[in-house]
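>>> For reference, the sequence and a predicted model appear below.
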Amino acid sequence: MEKETRYLTFALTKGRLANKTLQLLEQVGITCEEMKDPASRKLIFVNEERKLRFFLAKGPDVPTYVEYGAADIGVVGKDTILEEGRKIYEVLDLGFGKCRMCVCGPKEAGNLLNGQELIRVATKYPRIAKDYFYNQRNQTVEIIKLNGSIELAPIVGLSEVIVDIVETGSTLRENGLVVLEEVCPLSARVVVNPVSMRMENERITQLLDALNSVITGQQQK
């Protein structure tokens, strides 16, 4: 008796990343018409023909769904992967959602990045900031976790510098701040549950190869 194909489940980061991912999947012949209905209140969307399921989640939750096997595959920003530190495989750079994680502050704060002085760093990404300062710069810092406008912290004297995502840099410039150092480049990535990678290796590898071909073709244009 032939074994029934199980569903592969995708967790997509809500918003722009999900929309871009769905456009990319369509280029390799994978569609999910249900997801295009703005009035839909469904939580799980299905492509019966391909035995695929999709759901939308907030960025920080995607690696959690994937680590615990509730999703086989996830699409999420590199910043979230680094900050969450989950046991997942990062397997493909999708090449969109590009930006940078940077140390920023007033221009004169650059003098404080010499490893000698204890400074305060405000950020939404304490794990990334701690790793950068402690393990790459060997500088002891006090990290202050914030959730709102990080640019405010050095302006009001809460911190000397910030660690934050920089896309165009316009918000920094408008507030008299500059990029002092780049921590790492960021973009949307595909992540896979380690057990799913073993159990569904052929299906997942075929999908990744197809996506990679499309991405490579776009980059060569």
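Noted; the coordinates are in hand. Numbers count the residues shown, from 1 in each chain.
>>> average pLDDT across the biggest strand by length in the chain?
The single longest strand within the chain, with elements called by DSSP state E, is strand 178-186. Mean per-residue pLDDT for strand 178-186: 97.
>>> Mind giving me the packing neighbours of that strand?
helix 78-84, strand 99-105, strand 161-166 (3 or more C-beta pairs under 8 Å, 6 or more residues apart in numbering; DSSP states H and E). In this view, the C-beta of every residue, glycine as well, is placed from N, C-alpha and C.
>>> For these, state which one has the densest average packing.
Mean neighbour count (mean count of other C-beta atoms under 10 Å) peaks for strand 161-166 among those, with a mean of 24.
>>> measure stretch 83-93 end to end?
Taking C-alpha to C-alpha, to the nearest Å, stretch 83-93 runs 17 Å from one end to the other.
>>> what residues does it touch?
60, 63-64, 66-67, 74, 78, 81, 125-128, 187-194, 197, 208, 211-212, 215 (C-beta atoms under 8 Å, 6 or more residues apart in numbering).
>>> Try it again at 6 Å.
Applying C-beta atoms under 6 Å, 6 or more residues apart in numbering, the external contacts of stretch 83-93 come out as 63, 66-67, 81, 125, 127-128, 187, 189-192, 194, 197, 208.
>>> Centre-most residue in this protein?
In the chain, the centroid-proximal residue (C-alpha atoms, centre = their mean) is G77; its distance is 1.1 Å.
>>> what comes into contact with stretch 58-68?
Counting by C-beta under 6 Å, 6+ apart, A11, T13, A71, G74, V76, T80, E84, R86, K87, I88, V191, N193 sit against stretch 58-68.
>>> Distance from it to the middle of the chain?
11 Å (C-alpha atoms, centre = their mean, to the nearest Å).
>>> And for stretch 178-198?
That offset, for stretch 178-198, works out to 6 Å (C-alpha atoms, centre = their mean).
>>> Longest helix in the protein, please.
Criterion DSSP state H: the longest helix present in the chain is helix 201-220.
>>> avg pLDDT for that helix?
Helix 201-220 comes out at a mean pLDDT of 92.
>>> So which other helices or strands are in contact with that helix?
Counting contacts by 3 or more C-beta pairs under 6 Å, 6 or more residues apart in numbering; DSSP states H and E, helix 201-220 packs against no other helix or strand.
>>> Kindly report the domain assignment for the protein.
Using automatic domain parsing, the domains assigned to the chain come out as 8-97+187-220, 99-184.
>>> Kindly tell me how buried the nearest residue to N47 once chain neighbours are set aside is, as a neighbour count.
In space, and not counting its chain neighbours, N47 is closest to C32: 5.1 Å by C-beta to C-beta, 6 or more residues apart in numbering. Burial of C32 is recorded as 18 neighbouring residues (other C-beta atoms under 10 Å).
>>> now swap in V183 and tell me
V183, neighbours per other C-beta under 10 Å, totals 23.
>>> can I assume it is in contact with M101?
Yes: assessed by C-beta atoms under 6 Å, V183 is found in contact with M101 at 4.2 Å.
>>> Return the set of buried residues in stretch 112-120.
By neighbour count on 16 or more other C-beta atoms under 10 Å, the buried set for stretch 112-120 is L112, L113, I119, R120.
>>> Can you pull the phi and psi angles for V91?
The phi and psi values for V91, taken as degrees, to the nearest 10, are phi -120, psi -20.
>>> pLDDT wise, what is it at?
97.
>>> ok, it to S40 distance?
Distance, V91 to S40, using C-beta to C-beta, to the nearest Å: 29 Å.
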